[in-house]
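In: Structural data only, the sequence is not supplied:
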């Protein structure tokens, strides 16, 4: 999800994972990546908004995002308080991810966002998943969150959800998109 022009999918393909579906909002990026990995049967590329995934429910065993949610939140002024618009965007994306996961499926999120900030987004009973967190690195740490569909939130995560719901007022139900694909040529020049 939000594959960008990262080599991650190609690296996974080389490691033996040959059924990989990649999505990104940028048609320019998807076109470039489709050409780059045209010799990888079983790997597909789709231009798509993470808030409106065009896949049937329970389609995937694993959904992986690496810094996609970070990119969505890049304009936030503070990690301590996410704007209602961004919170709504993230909620729509997570609702779609949950819908597309098979029972027992995993949503894996790789980020530099610490648990205090990121678990607040993931800890919702309505997503119907448990949350486990792992951290890697010394000094410059990154985090991996693994949500498993069909498992309950832990008591701590359920308490976090309750506190967040008590602290929030009603979030907006929709937001407008402002993406302009015609100005995306810079994506072709980034090599991650």
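Out: Sure thing, it's come through. Because the structure is predicted, anything quoted here is derived from the model rather than measured.

In: which residues does the residue nearest to residue 64 when sequence neighbours are not counted contact?
Out: Closest residue to residue 64 apart from its sequence neighbours, by CB to CB, 6 or more residues apart in numbering: residue 108 at 4.7 Å. Where C-beta positions appear, they are placed from N, C-alpha and C, glycine not excepted. Residues counted as contacts of residue 108 (CB atoms under 8 Å, 6 or more residues apart in numbering) are 62-65, 144-147.

In: Restricted to strands, list those residues.
Out: The strands, defined by DSSP state E, take in 62-65, 144-147 from these.

In: just those residues now: which is nearest residue 129?
Out: Taking CB to CB as the measure, residue 147 is the one of the ones in strands among the contacts of residue 108 closest to residue 129, at 4.0 Å.

In: which is the next helix or strand following the helix or strand where residue 109 lies?
Out: In the assignment (DSSP states H and E), residue 109 maps to strand 101-111. Sequence order places helix 115-122 as the next helix or strand after strand 101-111, per DSSP H and E.

In: Counting by contacts, list what that following helix packs against.
Out: helix 84-100, strand 101-111, strand 129-136, strand 142-149, helix 155-167 (3 or more CB pairs under 8 Å, 6 or more residues apart in numbering; DSSP states H and E).

In: Let me know which of these is the nearest to residue 33.
Out: strand 101-111 (18.5 Å).

In: What are the buried residues along stretch 67-83?
Out: 67-70, 72-73, 82-83 (16 or more other CB atoms under 10 Å).

In: biggest separation within those residues, which pair?
Out: 67 and 83 (19.1 Å).

In: what sits against residue 81?
Out: Residue 81 makes no contacts at all, as judged by CB under 8 Å, 6+ apart.

In: So it lies in a strand, does it not?
Out: No - going by DSSP: H, G, I helix; E, B strand; the rest coil, the assignment for residue 81 is coil, not a strand.

In: Torsion angles phi and psi at it?
Out: phi -140, psi 100 (degrees, to the nearest 10).

In: quick thing: my sequence starts at 45, can you match it?
Out: Happy to do that; since the first residue is 45 now, the last one works out to residue 125.
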